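**Student:** Prediction below, plus the sequence it came from.
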Amino acid sequence: MPYANSSAVREFYLVGFPTEPSTQLLLFFLVLTNYLITLSGNTVIICITLSDHRLQSPMYFFLRNFSFAEIWFTTVTVPKLLAGFLWGSHTISFVGCMTQCYFYFLLGATEFLLLGVMSFDRYQAVCNPLRYPALMTRNQACIQMLVGSWLGGFLSVLFPTILITRLSFCRSNVINHFFCDSGPLLELSCSDTSFIELMDFFLSAVVIICSLTVTLFSYMFIISAVMHISSTTGRAKAFNTCASHLTIISISCSISIFIYVTPSQKETLEVHKVPATIVCPFLNPFIFTLKNDTVKQALKDVLRQYKVLVTQKAWGSLQKKRPI
């Protein structure tokens, strides 16, 4: 496939969500609010798990890195979408488009692999509680699995992206999406894209199925171990530690299987314009805080300390203002 796109297409036009100006402004505020909540919520999770001594286990080490990936996963696409709503900036350079496409799928694949790693961590915590600290030390197994997740995401996206950059885009430069998704890009090419579509389907399926397989086997053993716990409170506590993770992976896999694991994406481009890229990052902080008692208690302690500091500062200012 010749490298012909640089002479044919130098920039792309992102269709986004063509609506009336008043609706564009409403969408801008909705997406901006969602984005700010996503950033602040995941940042809070990172800060809490770094600062609180109760959240120094491998479970929260992976959660912290997952939240870090979620922040960048959203940032890859949403700022450009907001610029389009506010200033009508719908064009993106060829290099910028390829970069956005690569990092979007890199971060998405890495998140799925991290979810599988988090399943394995829960398996070790529930099924091997005595050996868990030795098996999942941060300096060894945790970092190795974290690096493996990022490396797997990097390699699974690299080759298809290289092939996309070498396609000839001579039909049009209008992308029927709000970011540079691979499906709409392939639709614009006048080259034969069947091999790349098949590769996209295969690699997407491999990443998702690998994550799901690890998760299914981990939870099979977890359920078996929990069923042998005689105490009802003990069983509830064991399941509670897994509830947040199960919720996130269910939502993520459902969305991604529906959108990306299809043999051909050309027939369903309009469905793919649903902004799934901001759904899971937005829900992640709420799911991992509302369903986790330790995180909720850590947040309450931080808020209590903040309230005490504010009260002390206000009292100190009042004392200084009093006449001697």
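**Tutor:** Structure received. Numbering: from 1, shown residues only.

**Student:** Would you check that residue 71 makes contact with residue 41?
**Tutor:** No. Counting by C-beta atoms under 8 Å, residue 71 sits too far from residue 41 to count as a contact (9.5 Å). For the C-beta atoms, the positions are set from N, CA and C on the backbone; glycine is no exception.

**Student:** mind listing the strands for the stretch 151-300 of the chain?
**Tutor:** With strands called from DSSP state E, counting those that start in this stretch, the stretch 151-300 of the chain shows them at 174-175.

**Student:** residue ranges with poor pLDDT in it?
**Tutor:** For the stretch 151-300 of the chain, applying pLDDT under 70 flags the ranges 238, 241, 253-280, 282-283, 286, 288-293.

**Student:** So residue 13: helix, strand or coil?
**Tutor:** strand (DSSP: H, G, I helix; E, B strand; the rest coil).

**Student:** neighbours around the nearest residue to it once chain neighbours are set aside, how many?
**Tutor:** In this structure, residue 13 finds its nearest non-sequential neighbour in residue 174, 4.8 Å apart by C-beta to C-beta, 6 or more residues apart in numbering. Residue 174 has 14 neighbours, counted by other C-beta atoms under 10 Å.

**Student:** Please renumber the chain so that the first residue is 12 from this point on.
**Tutor:** Sure, I'll start numbering at 12, so the last one becomes residue 185.

**Student:** distance of residue 185 from residue 64?
**Tutor:** Separation of residue 185 from residue 64 (C-beta to C-beta, to the nearest Å): 54 Å.

**Student:** picking up where we left off before, am I right that the residue nearest to residue 24 is in contact with residue 22?
**Tutor:** No. Using C-beta under 8 Å as the test, residue 185 is too far from residue 22 to be in contact (10.9 Å).

**Student:** Just give me the residues shared between the contact sets of these two.
**Tutor:** Common neighbours of residue 185 and residue 22, using C-beta atoms under 8 Å, 6 or more residues apart in numbering, do not exist here.

**Student:** Kindly provide the distance from the spatially most central residue of the chain to residue 90.
**Tutor:** Nearest to the geometric centre of the chain sits residue 81, at 3.6 Å (C-alpha atoms, centre = their mean). Between residue 81 and residue 90 the distance is 15 Å, computed by C-beta to C-beta.

**Student:** One more: residue 26?
**Tutor:** Distance from residue 26 to residue 90, by C-beta to C-beta: 17 Å.
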